[in-house]
Every structure is written in structure tokens, then in C-alpha cells.
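>>> predicted model and sequence follow; I will ask about them next.
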Amino acid sequence: MKRINNTYNQIADLQNLQAADAIARRGKSKQTGVIIHDKNRDANIEALHNSLSSQTYTTSNYSTFTVYEPKERLVYALPYYPDRITHHAIMNVLEPVFTACFTADTYSCIKGRGIHAAANNVKKALTDETCTRYCLKLDIRKFYPSVNHVVLKQLLRKKFKDEKLLQLLDEIIDSADGLPIGNLMSQYFANFYLCYFDHWLKEVKGVKYYFRYCDDLVILGPDKKLLHQLRIDISNYLQDNLRLQLKDNYQVFPVASRGIDFVGYVFYHTHIRLRKSIKQNFARKVSRNAAPETIAAYWGWAKHCNSKNLIKKLINETVQSTGNNSTLKKFYGRQNFSGIGDRQTDKSTGIQNRNIKVQREGKWHVPAPANRSE
């Protein structure tokens, strides 16, 4: 593998720092950290340039807070200046290098991929019913907190040989235990930490249908005995090479009877449903007449699966409880709801999808699915 050199000066370049500042502030112009930074913006960028050039930059102290959706997590936050700008400056240079390392089977936090790319590829795989009869579903135990710094640094040295860059990355890695959730660099470090494992699965073990979203793994195969043996091999690889452990709640099951719960959907060979928790939250938001942008987010989930009956039920329940479907009408405008969910066949996958039809100016129009990434 070719090792990358001469990257540090690109990161510390003044124009790159200015570009990183512009990217980091998108959608955050009213945040306190951005407002404070803007009072001395040019001077701050110059000072950051000098600290990186002299290799005196150090990570600031983290603040932490807890989130409880979808499960309890401790989130780490860094100040906007200098740290978030620095992380974006690093990724301006290193993101294409990292992305080139990843297999096509990982989807989390990668531009152009994300949840719906993963869902579309699972759909395509399921058209091969013979080779996707069984599913092995795995999860890594406490993945982010369990990432070993020594191992991560060794992996980075297999890809990079710029000593100044490696010292900077080492300093960021050692700024917290494991990989701090909420840190921009953590997303890429996490994918990079597992990318050699991804290559091992595809190239050494010969796994055809493999999908990874962060630390959630789905493998499809024709024989459950082979999947059980593969789980043992995976467990040994993760422990021996990455010092990671699988959760005990692994599953090997027939797809036809249970479906694959992955990236917010439950996949079958013949259809796709919304995950139960997302469906319940969607219904709750509609019943509370939530803001149009909130409904739009759930609609984005629903329109990529077989949701005809769900949408009809939500509309009927809203009309019965409130006398109108005002929230839905605010979002969908003059659309005719009677056409929602008409069954059509996706030629690329062979699976019948219920696309959403909208009546505009007397003609039916099927909106193209949004190409969303995480």
C-alpha cells in the first residue's frame, strides 16, 4: 500500500484554514462560539496558522453532555475555535485519502453514501434470494469507547508517513479515551479503524453480501452453518487485531421469516418496512401536528419503503382526531393523498416499491427519491 507524505503543510496553509472556517460554520452562524470567533476572525485564523506551522497546537478541553435518543450516549464537544476549524482543515486534505481506503460496503459518515445508499444496496442484494436466505447480524461492544489508541496509531502509520501529520493526529487521538462521540475526526478514525477488517472480510473470507454502518454489521449468505463459523472467525479477528469484542446478542436467522432490521428499515425479499420505533415516532409527530420540517424528515424515511398503509392510516387518524390533516397539507401542499403508495416495480432491484404519487396541474408525478447521506 502506498504511504502518503507531504500533507501537513497543506493542512496548515492559510487558505485551507480559511476554507475550513467557512465549512465549519455552515448552519451555525448564530452559535456562541462562531459569534465570539468572528469578533477577531482574521487574527484567530492567523494565530491558528502559526500554531500549526510551529507544531504547538494542542486540543482544547472537552465539554460533555448526555443524549438519550436513540440510546443513552455521552457526547463530547470542542470549542469552535480553534478545534473544530482545525478538524475541518485536516479533513479537507485527508478525507479523499481515507475514503479511498474504504470498501464500498461501509456507509456511515461518508459523502455520497449514508443510510439510503445502504438501504438501496441491501434491496439489490435481496434480489439474489438463493445467496441471501440467511442473515448474520452483529454489533461491536461499546465501539467508540473501545478503540485502542496504540492500534489506531499503528494503522495510521501504515497509510501515512508524514511525521508532522502523525504527531498532530496522535495529539488529537490522545485528547480523550477511545474515540469521543461528537468529534468530527472520530467519524473518520472509526471507519478507518475497521477498514482493514472490511478488506479482510471481502478479499480473504470472500464474503459477497456485506454491509456495515458504523459498528452495525449485516452479512447475508445461503448457509447458516457457514455464517455461524464466519461469526467465530470475525470475533477472533476483532480480538486479535483490533482489541474489540462482539456483543453477545448476535443473530443468525432466515430472512424470509424475520426480516433484517438495519439502518431504520426491516428488509424482506419481497418488501421493506419502517423500523417500529421510527414508525411510532412518525405517528406521534403527526398526531401532535408537528412542524412541516419535522414531518418532512419522517416522510424522507417513509418514501423509501412500502409505507402505503402507514401513510393512509396516519392521514385517517389525524382527520378523526383533529378534523383535518393540516400538518400534512402544509408539507404536501395541493397534493392528492389518494394516490399515495401506488405499487410499482423498481427495475434496478426487481422489488415492488410503493412510490408516492402527487397530483400537480392535473398530471401524476412521482418524485425522485432524495440522495441523502449521513
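That came through fine. Here the structure is a predicted model, which means the values were calculated and not measured. Numbering: from 1, shown residues only.
>>> identify the residues contacting stretch 268-278?
Contacts to stretch 268-278, defined as C-beta atoms under 8 Å, 6 or more residues apart in numbering, come from residues 70, 119, 123, 126-127, 129, 132, 255-256, 259-261, 264-266, 279, 282, 298, 301-302, 304-307, 310, 351-353. Using the backbone N, CA and C atoms, a C-beta is placed for each residue, glycine as well.
>>> I'd like to know which of those residues are buried.
For those, a burial check counting by 16 or more other C-beta atoms under 10 Å picks out 119, 123, 126, 132, 255, 259-261, 264-266, 279, 282, 298, 301-302, 304-307, 310, 351, 353.
>>> cross those against strands and list the overlap.
Among the buried ones among the contacts of stretch 268-278, the ones falling in strands (DSSP state E) are 260, 261, 265, 266, 353.
>>> excluding chain neighbours, what is closest to the fourth one?
This means residue 266. residue 259 (4.2 Å; C-beta to C-beta, 6 or more residues apart in numbering).
>>> for that neighbour, what are its contacts?
Per C-beta under 8 Å, 6+ apart, neighbours of residue 259: 266, 267, 268, 273.
>>> now render those as CSV, adding distance to residue 159 and pLDDT.
Shown next, in CSV, are the contacts of residue 259 (distance: C-beta to C-beta, whole Å; pLDDT from 0 to 100):
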residue, distance to residue 159, pLDDT
266, 37, 96
267, 34, 96
268, 39, 96
273, 40, 93
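>>> among these, who's most crowded?
residue 267 (25 neighbours; other C-beta atoms under 10 Å).
>>> quick one on the thing from earlier: same list, the contacts of residue 259, but as CSV with distance to residue 213 please.
Converted to CSV, the contacts of residue 259 look like this (distance: C-beta to C-beta, whole Å):
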residue, distance to residue 213
266, 15
267, 13
268, 19
273, 18
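>>> looking at those residues, which is nearest residue 98?
residue 267 (28.2 Å; C-beta to C-beta).
>>> and that closest one, how far is that from residue 132?
10 Å (C-beta to C-beta, to the nearest Å).
>>> also residue 87?
39 Å.
>>> and residue 304, by the same measure?
From residue 304 to residue 132 the distance is 19 Å (C-beta to C-beta).
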